[in-house]
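Enquirer: when you get a sec, could you give me coordinates for this:
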Amino acid sequence: MSDPQSTPGAQGAERNVFSRRSLFRGAGAFAAGGLVADAARAAATPTSTRLAGVVELELEINGAKQKVSVEPRTTLLNALRNHCTPPLTGAKVVCDRGSCGACTVHLDGQPVYSCMTLAADAVGRKVTTVEGLAKEGELTEVQRALCEHDGSMCGFCTPGFVMSITACLERKPGATLDEIKHACAGNLCRCGTYPHVFEAALAAGRALRAKGGK
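Expert: Numbering: from 1, shown residues only. Below you'll find the model as predicted:
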């Protein structure tokens, strides 16, 4: 009887098994080599480019430079409220996930959720909070209109509305009601004061146009 290993079919099967094993071994070696290479690159990365521990950031907030020492993961909201001197608490912590607008601030003139913005991403940019709008204690047209039209109840969401409406009217003082509603779409008022807020926004727009706005 012939040896099964000596038959052509058996030899072909053996060659196939060997080939598959070689493939798996090679793939494993390739993957391990990639991991080693990644580790080597990470080790060679200068420590100055890594963000870990506590970093010192210089932020421009309401026209003034301020240095804060924070962890790299710190949000702009956290930095404003807990790491600035004095603390800037106008931006409120409510949802902390970008769905209510109570933490709205301006970044280079554009409204953003500060709870969804890293403090590190604000470096080199201009941050404006609600505290920075009134100059020498004089309310802006938006702030004054909200007071005159009873645009707040508990007032907790009011700073966020002020920031969103201000950005809208700075772009277009003649914004329509629909445009104002769109600008405030990300701001929630749990007291339901929306009609008064919108009346105030339209009144502020009229006041700005009377002062020479377009």
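
Enquirer: kindly report the domain assignment for this protein.
Expert: What automatic domain parsing lists as the domains of the chain is 4-49, 55-132, 141-210.

Enquirer: now tabulate those in a markdown table and tack on mean pLDDT and mean neighbour count.
Expert: All C-beta atoms are positioned from the backbone trio N, CA, C, and that covers glycine. Shown next, in a markdown table, are the domains of the chain (pLDDT from 0 to 100; neighbours: other C-beta atoms under 10 Å):
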| stretch | mean pLDDT | mean neighbour count |
| --- | --- | --- |
| domain 4-49 | 51 | 9 |
| domain 55-132 | 97 | 18 |
| domain 141-210 | 97 | 19 |
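
Enquirer: and the residue nearest the centre of the chain, what does it touch?
Expert: Among the residues of the chain, the one closest to the centroid is residue 117, at 2.4 Å (C-alpha atoms, centre = their mean). With contact taken as C-beta atoms under 8 Å, 6 or more residues apart in numbering, residue 117 is in contact with 75, 76, 77, 107.

Enquirer: residue 191: which of the residues you listed is nearest?
Expert: Residue 191 has its nearest neighbour among the contacts of residue 117 in residue 77, at 21.8 Å by C-beta to C-beta.

Enquirer: surely the closest one meets residue 118?
Expert: No. Using C-beta atoms under 8 Å, residue 77 makes no contact with residue 118, being 10.1 Å away.

Enquirer: what about the strands in this protein?
Expert: 55-61, 64-70, 104-107, 110-113, 126-128 (DSSP state E).

Enquirer: dump the ones you listed to CSV, plus distance to residue 209.
Expert: Shown next, in CSV, are the strands of the chain (distance: least, C-beta to C-beta, whole Å):
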stretch, distance to residue 209
strand 55-61, 30
strand 64-70, 31
strand 104-107, 21
strand 110-113, 21
strand 126-128, 22
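
Enquirer: to residue 147, which of these lies closest?
Expert: When the strands of the chain are compared by C-beta to C-beta, strand 104-107 sits nearest residue 147, at 18.9 Å.
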